[in-house]
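need a 3D model of the following:
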Amino acid sequence: MYDLHYWPTPNGKKVTILLEELGVPYRIVPVHIGRGDQFTDGFLKISPNNRMPALVDDAPAGGGEPISIFESGAIMMYLAEKEGRFWPQDTRGKYEVTQWVMWQMANQGPKTGERGHFGRLGPEHGDQSYAQRRFADETHRLYGVMNNRLYDRPYLAGDEYTIADMISYPWTASWQLQGIDLDEFKYFKRWFEALSARPALQKGMAVTTGLPAEDPATLPPEEQERRRKLLYNQRARPAPVA
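Purely as a prediction, here's the structure:
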């Protein structure tokens, strides 16, 4: 049994897609990022960057104490290696996949996320036009990277469906909100439609936490202010006192 500390964001859904594709048992441990669960001492022990997802494996290969892993790319590599699927281990195949996992973590996720962040800011935060244009252009460029990669192969790493595809898909699911015209990227569109038809991927994308839906606008003003201070403009946390 794997425990996945999770909230249904693109980064969380990367891992639930893989778990569903593997068909292994797992348990969802909700991390309500809106109210700040990611800053609790218990969660920071397994995810020192105070970000979800994080995975705890109670039965690691070789036995011993449970293993905890943070960062979605590392989690997916761990699961695919342990379960022996979706990440070839020969040198060429392994690094063909690995470089695309790194591409997603360093480029697609952060740049697309920044596009969403600056696009949501209200006028009280000042003129955001440069940042909005910067990250909209970068998001468009990254779709082009995928499209050019896929023009002569069905999947990002070649002929096989791998964790490189699973990790990239959730950040493309909201292509309409990102201002993307799929007809501009026909090779990407073929890939996206093929992945979207996979039953396990559909199940992974649909995983919830079991918690009731919450409209932040209905929260008391003091709770809204507490969350804003907690979630935005974070600075370094003080180290524990020895």
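
could you tell me how many residues sit around residue 126?
Residue 126: 8 surrounding residues under other C-beta atoms under 10 Å. From N, CA and C alone the C-beta is placed, and that goes for glycine too.

do you have the helices of this protein handy? List them.
Secondary structure of the chain by DSSP state H: the helices cover 10-22, 41-46, 72-83, 91-103, 109-120, 129-149, 163-168, 186-196, 199-205, 221-231.

now render the ones you listed as TSV, adding mean neighbour count and distance to residue 30.
Below are the helices of the chain laid out as TSV (neighbours: other C-beta atoms under 10 Å; distance: least, C-beta to C-beta, whole Å):
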stretch	mean neighbour count	distance to residue 30
helix 10-22	24	10
helix 41-46	13	11
helix 72-83	21	17
helix 91-103	16	26
helix 109-120	17	21
helix 129-149	16	29
helix 163-168	28	22
helix 186-196	17	26
helix 199-205	17	16
helix 221-231	12	16
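
residue 155: which of those helices is closest?
Nearest to residue 155 among those is helix 163-168 (5.3 Å), distances taken as C-beta to C-beta.

work out the gap between that closest one and the centre of the chain.
Relative to its chain's centre, helix 163-168 lies at 10 Å (C-alpha atoms, centre = their mean, to the nearest Å).

adjust the sequence numbering to begin at 159 for everything that follows.
With the count now opening at 159, the last piece we talked about shows up as helix 321-326.

packing partners of it?
Contacts defined by 3 or more C-beta pairs under 8 Å, 6 or more residues apart in numbering; DSSP states H and E place helix 321-326 against helix 168-180, helix 230-241, helix 249-261.

need the ones you listed in a markdown table (columns: distance to residue 392 and mean pLDDT).
Listed next are the helices and strands packed on helix 321-326 as a markdown table, based on distance: least, C-beta to C-beta, whole Å; pLDDT from 0 to 100:
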| stretch | distance to residue 392 | mean pLDDT |
| --- | --- | --- |
| helix 168-180 | 17 | 98 |
| helix 230-241 | 19 | 98 |
| helix 249-261 | 24 | 98 |
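
about what we covered before: need the helices of the chain in TSV with distance to residue 219, can you?
Below are the helices of the chain laid out as TSV (distance: least, C-beta to C-beta, whole Å):
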stretch	distance to residue 219
helix 168-180	14
helix 199-204	19
helix 230-241	6
helix 249-261	17
helix 267-278	28
helix 287-307	32
helix 321-326	18
helix 344-354	28
helix 357-363	23
helix 379-389	36
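
residue 369 is nearest to which of those?
Comparison of the helices of the chain against residue 369 by C-beta to C-beta identifies helix 168-180 as nearest, at 13.2 Å.

tell me the angle that closest one makes with helix 249-261.
Orientation check (axes from the mean of the first three to the mean of the last three C-alpha atoms, to 10 degrees): helix 168-180 against helix 249-261 gives 150 degrees.

and the contacts of helix 168-180?
160, 162, 164, 184, 209-211, 213, 230, 233-234, 237-238, 241, 243-244, 267, 321, 324-325, 327-329, 331, 356, 358-359, 361-363, 365 (C-beta atoms under 8 Å, 6 or more residues apart in numbering).

quick one: that helix to chain centroid distance?
Centroid separation for helix 168-180 versus its chain: 9 Å, with C-alpha atoms, centre = their mean.

do the same with stretch 186-206
16 Å.

so which bits of that stretch are buried?
Within stretch 186-206, the residues that count as buried by 16 or more other C-beta atoms under 10 Å are 186-189, 191, 193-196, 201, 204-205.

output the helices and strands packed on helix 321-326 as JSON lines; include the columns distance to residue 305.
Output for the helices and strands packed on helix 321-326, formatted as JSON lines (distance: least, C-beta to C-beta, whole Å):
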{"stretch": "helix 168-180", "distance to residue 305": "19"}
{"stretch": "helix 230-241", "distance to residue 305": "22"}
{"stretch": "helix 249-261", "distance to residue 305": "14"}
